[in-house]
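Trainee: Sequence first, predicted model second:
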Amino acid sequence: MGESLGQYFRRGREDKGWTLEEAASKTRILPQYLQAVEDDNYEQLPAEVFAKGFIRSYARSLGLNETEVLAKFNESGGLFYALRDEREQLQQQIREEARRKKANKLIVAGMVGLALVVLFVATGQDRDRARVPTESLREPPPTIVPQATQPIRPEPPTHVEEPTVLPENPPADVPTSPIEIERNFSPGLPLEGIQPAGSKLVLEVEAIERAWVLVQADRDPSQDVLLSPGERVRWSADKRFRVTLGNAGGVRISVNGKLQGPYGSSGKVIKNLIFTR
């Protein structure tokens, strides 16, 4: 049996005389991903398209034949990724079914509540119509008007005030619109594992379910965003982030290309997560 893809890479690196850390510095790929490649441990690698990008870059740095490397990858990793994609699709279907059932329960509960409110209002109106006070059934006593010897003439008013005419459209205070927070949406997450250039700290959040996120970068004002499944957002900072998650199980978090968490189940609120260098 020939050598595996990982053994092929390890031999190529050792022929160059590089340590794993030196190879990571030259390729800008995190050492743990290079170690996973050399160990044929696909479980520790990201999605297939990203893993292929790592393998091409690593092969190019070592001067290996990219076509041969990709052929070995397809032989050893193809089945793994096919099974993982199938498993993720099944899990997504289970989550969607659970959300549909929950939504149906809420709809039924709302309809029952509305029916109870309508019934309560209708019965209240019937009680009001049936309740006739006894005083209204009695005849009022006759009014006795005393006879005056001389008619009393009212004195004419000394002054009649003119009615005050109000303007048809009185001025109204126009509230100033709130400052819109820039949501800084990105069309896609960068390759997982790629180290960002410069000294910036980069936080990336990808929504698996509908989720609310609140982020404070360094000492800047906090920014919040409501994400739908498939949407992603990125922030950058110099030193640290403070993060609050409205749905911990509904997001994937990456800091400088390294996946974080998980921090809780679907629907769980997690406050004041701190990420630093």
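Mentor: Yes, it's here.
Trainee: From I270, how far off is the most centrally placed residue in the chain?
Mentor: Nearest residue to the geometric centre of the chain (C-alpha atoms, centre = their mean): A211, 2.5 Å. Separation of A211 from I270 (C-beta to C-beta, to the nearest Å) stands at 11 Å. C-beta here means a position set from N, CA and C on the backbone, and glycine is covered the same way.
Trainee: Overlap in contacts, these two.
Mentor: Jointly contacting A211 and I270 under the rule C-beta atoms under 8 Å, 6 or more residues apart in numbering are L245.
Trainee: which residues of the stretch 101-250 of the chain fall in helices?
Mentor: Shown for the stretch 101-250 of the chain, no helices are assigned by DSSP state H, counting those that start in this stretch.
Trainee: Find the residue ranges of it scoring beneath the pLDDT cut-off.
Mentor: Along the stretch 101-250 of the chain, segments meeting pLDDT under 70 span 125-198.
Trainee: Let's see that with 80 instead.
Mentor: 103-104, 107-108, 110, 117-118, 120-198 (pLDDT under 80).
Trainee: Tally up the residues packed near the closest residue to K268 other than its chain neighbours, please.
Mentor: Sequence neighbours aside, A248 is the residue nearest to K268 in space, at 4.5 Å (criterion: C-beta to C-beta, 6 or more residues apart in numbering). Using other C-beta atoms under 10 Å, A248 has 20 other residues around it.
Trainee: cool, and N256?
Mentor: 16.
Trainee: That one and L201 touch, don't they?
Mentor: Yes - in this structure, N256 is within contact of L201 by C-beta atoms under 8 Å, at 6.5 Å.
Trainee: thinking again about what came up before, distance check, the residue nearest to K268 against P229.
Mentor: A248 is 15 Å from P229, by C-beta to C-beta.
Trainee: And stretch 6-18, what's buried?
Mentor: Under the neighbour-count criterion of 16 or more other C-beta atoms under 10 Å, stretch 6-18 has G6, Y8, F9, R10, G12, R13, W18 buried.
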